[in-house]
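>>> The sequence isn't on hand, but the structure is:
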DNA sequence: CTGCGCTTACACCTTTTGGTTGATGTCCGG
DNA sequence: CCGGACATCAACCAAAAGGTGTAAGCGCAG
């Protein structure tokens, strides 16, 4: 049995070293490279014939991991991408899954869970951390509080302090559409103002700040 | 020359492994233990006669590191505490320094910076990451961004989703006063809406969600 | 003692946001 | 193929929030 070939992508040197240290103790794992940027990850994922990429979602505070994940998984014979991040918010999870991630793990996961997820991903099966799986279950069970992708996107911008007008320009919509989305968001969250929506959504982990 | 004895306190196994891997390559460092909880950190810092404690601020999403830091540094002959965390918000930095931390590093620091900071801390000198030092300088230079107690109180309620009317009732003020406070807040933060104020203040750690 | 900043407060006006109703097109699943 | 969820936009009205000017009491440092 050949070793599972791994590529680590995270902008924190400490995290890269930690993952390497933890994963190299497994005899059937081989960490072939670790990189600090999404671009390097995309390039090396293609060149080095790896089996699984462990990908952070945030690089230098921005959400570049999802795009890199999409770039990696879009090719034929692409490696599996296991997203490994700090936050378990709806927005992040959906972005990752949409980008083609095979699994979603949290950085506070114990080493055994990490290794198990890598093997699951290498076998092509989906690997979700318990907390993440639970959140997705809740989402399915309770569709009234589940915001659509577009709604989440709008609300994220609201949380960043943008006005309806700024949001409409950012998303190439009319203010009317932004207001429409917000009205739906208020209904779903049971609130009646943008700040209350942000507060509620933040508390529930629907958006990140 | 005796080795510098280190204790690692972080709830993320990956981070503990990473710090251990990076620091043990230094011949003059000796990692004597790593722990996952603040309580263990306080206990072992006293028992093991360590020189420097590398302390995370957040444990399981809560700010327990500052209290542990205070507990460790309050004793005679206490080890130096080097706070190592992900965020460089005002509130976190001030809490750490107030608790008696000798230094404040960010987790995205390169390994050399990390090792240098440990040696600096072991020698009893203050070790601040460049980004952190810069923020403190800004704070001293630009006191206009410092909100008064009342203003912070109002803004905290805004962040919780309350309307001006609700805030006025909560604080036994008139809506006019709340609006006055908010106008001052907008000026100090350089924004022009309540959501933008919350976003900015949260980013700077002025308020906590 | 005398400013200065914080807190409180009011009035007037403009801009933004929220609430409602209605309409069109798309896409997906039964 | 059709219903339903989603996304898009419009027009209108009501309410909330923001902008500006003004001002009084209070505590504190120079």
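That came through, no problem. Computed from a predicted structure; not experimentally measured.
>>> buried sites along stretch A:183-194?
Neighbour counts over stretch A:183-194 (16 or more other CB atoms under 10 Å in any protein chain shown) mark A:185-186, A:188-189, A:191, A:193-194 as buried. (Each C-beta comes from the backbone N, C-alpha and C, glycine too.)
>>> same deal with stretch A:146-154?
Buried, per 16+ other CB under 10 Å, within stretch A:146-154: A:147, A:151-154.
>>> show me where chain A has strands.
Applying DSSP state E to chain A gives strands spanning A:4-9, A:29-35, A:52-55, A:80-85, A:103-106, A:127-128.
>>> quick one: residue A:75 and DNA strand C, what's the gap?
Between residue A:75 and DNA strand C the computed distance is 22 Å (CB to the nearest atom of the strand, to the nearest Å).
>>> and that residue, how far is that from residue B:75?
58 Å (CB to CB, to the nearest Å).
>>> and the buried residues of stretch A:183-194, which of them are in helices?
A:185-186, A:188-189, A:194 (DSSP state H).
>>> Excluding chain neighbours, what is closest to residue A:95?
In this structure, residue A:95 finds its nearest non-sequential neighbour in residue A:66, 4.4 Å apart by CB to CB, 6 or more residues apart in numbering or on different chains.
>>> burial count for the one you found?
By other CB atoms under 10 Å in any protein chain shown, the residues close to residue A:66 number 22.
>>> May I see the buried residues of stretch A:146-154 arranged in JSON lines, with distance to residue A:122 and pLDDT as well?
Shown next, in JSON lines, are these (distance: CB to CB, whole Å; pLDDT from 0 to 100):
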{"residue": "A:147", "distance to residue A:122": "33", "pLDDT": "80"}
{"residue": "A:151", "distance to residue A:122": "35", "pLDDT": "89"}
{"residue": "A:152", "distance to residue A:122": "31", "pLDDT": "89"}
{"residue": "A:153", "distance to residue A:122": "32", "pLDDT": "88"}
{"residue": "A:154", "distance to residue A:122": "37", "pLDDT": "92"}
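>>> hmm, back to that, quick check: which of the buried residues of stretch A:183-194 are also close to chain B?
Applying CB under 8 Å from any CB of the partner chain to the buried residues of stretch A:183-194, one finds that A:191, A:193-194 fall near chain B.
>>> Would you enumerate the residues in contact with the nearest residue to residue A:177 once chain neighbours are set aside?
Excluding its sequence neighbours, the residue lying closest to residue A:177 (CB to CB, 6+ apart) is residue A:168, at 7.0 Å. Neighbouring residues of residue A:168 by CB atoms under 8 Å, 6 or more residues apart in numbering or on different chains: A:174-175, A:177-178.
>>> Which pair in the ones in helices among the buried residues of stretch A:183-194 has the greatest spatial separation?
Spatial extent of those (CB to CB) is set by the pair A:188 and A:194 at 13.7 Å.
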